[in-house]
Structure formats: C-alpha cells, structure tokens
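# Using only what follows, build the 3D model:
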Amino acid sequence: MANTYTPQTWTDGVSSASAARMGVIETGVQGAWARELAYNQITSNVSCTATTEATANTIVTASAVTFDGSTAAVIEFFCPNFDASDSPTFSLFLYDGTSIGFLMQRSVTAGTAMGPIYVSRRLTPSAASHTYSIRGDVSSGSGVSVKAGAGGAGSVVPAFIRITRA
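Below is the predicted model:
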C-alpha cells in the first residue's frame, strides 16, 4: 500500500492545503517564520578596550523592533570565539545607552580566556520601538577580541544578535 497524505485539521482550525505542503511548518503551528523579529551579524573581529560598563564598546546592534508591551521576547548573542587576557563583561544595552545588565562576565586571573559565547535573555519590552545592542568591556585596557568571520572552510562564522518572540 502506498503512503497517502491526508490533510489534518488541528484544534485551532488550521488545515493543510495539500500533500505538497506536507514538509512545511504551517501558520497554525506557532507560525515559526514570524518568530524572528531581528537578526544582525558581524563578519569581522571587534576589539573591546573600554574599562567601564558605561563606555563599553559596541559589538553588534540589532535592527529596531516595535513591541506591544505584552509580548515577551528572547534576545540572543553568539560569537564563535573570543580571546581575552583581562576579565571581559558582555552586556545587553538599549540604543539610548542604557545597560540592561550583564549577559556574561568571566574572571581571568592569569593567562588567557578563550571560547565561544552563547547567551540569551528573555524579557517583555515596553510598548515602543527598541534597538538592542551587545557591548563589551574589560577589567583593564589590554582588551578582548570578539572573533567573527564570513564562514567557509578554515574561517569562523559570523557573530550575531537575534530577537525572537518568546
């Protein structure tokens, strides 16, 4: 007996149109393609030498997103590698320069810290247009290098900030 696809109707009333859509995530199933609100990436290294949170260096900035005041969002930051001989801090900022807080803080007492970074924060922004950025600072002036590239064989991938609906 051949496999036959029969359209299904879910409890929210959305049904499949045809067998051709079998592999497609449908609008009624969380609307996955509408979840990403902003995605911005960098493809070159960023050096952070600021020594205070207030003067932190911008690593990557997201596009402006307008929120309704009741929808929760997740803000993610990823970089494939960082290299620091001082204790780095990575913070989430609003565009106006207001820090929302540390996303990652690492103590380096001797030697060098290296590795990838993936951090996220869930929050419910106020009803308005908001622009978020990831900024970095270090305990002293020798700095941290956030690594990013275009990807491909022998190269690191881009670093990014992404905002999605929670």
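# And residue 111, what's its pLDDT?
For residue 111, the pLDDT comes out at 64.
# Please disregard the earlier target; I meant residue 90.
94.
# in stretch 126-137, what's buried?
Applying a neighbour-count criterion of 16 or more other CB atoms under 10 Å, one finds 130, 132, 133, 134, 135, 136, 137 buried in stretch 126-137. (Glycine included, C-beta is placed from N, CA and C.)
# I'd like the list of the residues you listed that fall within strands, please.
Members of the buried residues of stretch 126-137 lying in strands (criterion: DSSP state E): 130, 132, 133, 134, 135, 136, 137.
# so what's the fourth one bridging to?
In other words, residue 134. residue 60, residue 92 (DSSP bridges).
# when you give positions from now on, start the count at 323
OK, 323 is where the count begins now, so the last one is residue 456.
# OK, contacts around it?
When contacts are counted by CB atoms under 8 Å, 6 or more residues apart in numbering, residue 456 is found next to 380, 381, 382, 383, 399, 412, 413, 414, 415, 425, 483.
# from these, which is closest to residue 391?
residue 414 (18.6 Å; CB to CB).
# dump the residue contacts of that closest one.
Applying CB under 8 Å, 6+ apart, one finds that residue 414 lies in contact with 397, 399, 421, 422, 423, 425, 443, 454, 455, 456.
# Noted, bye for now.
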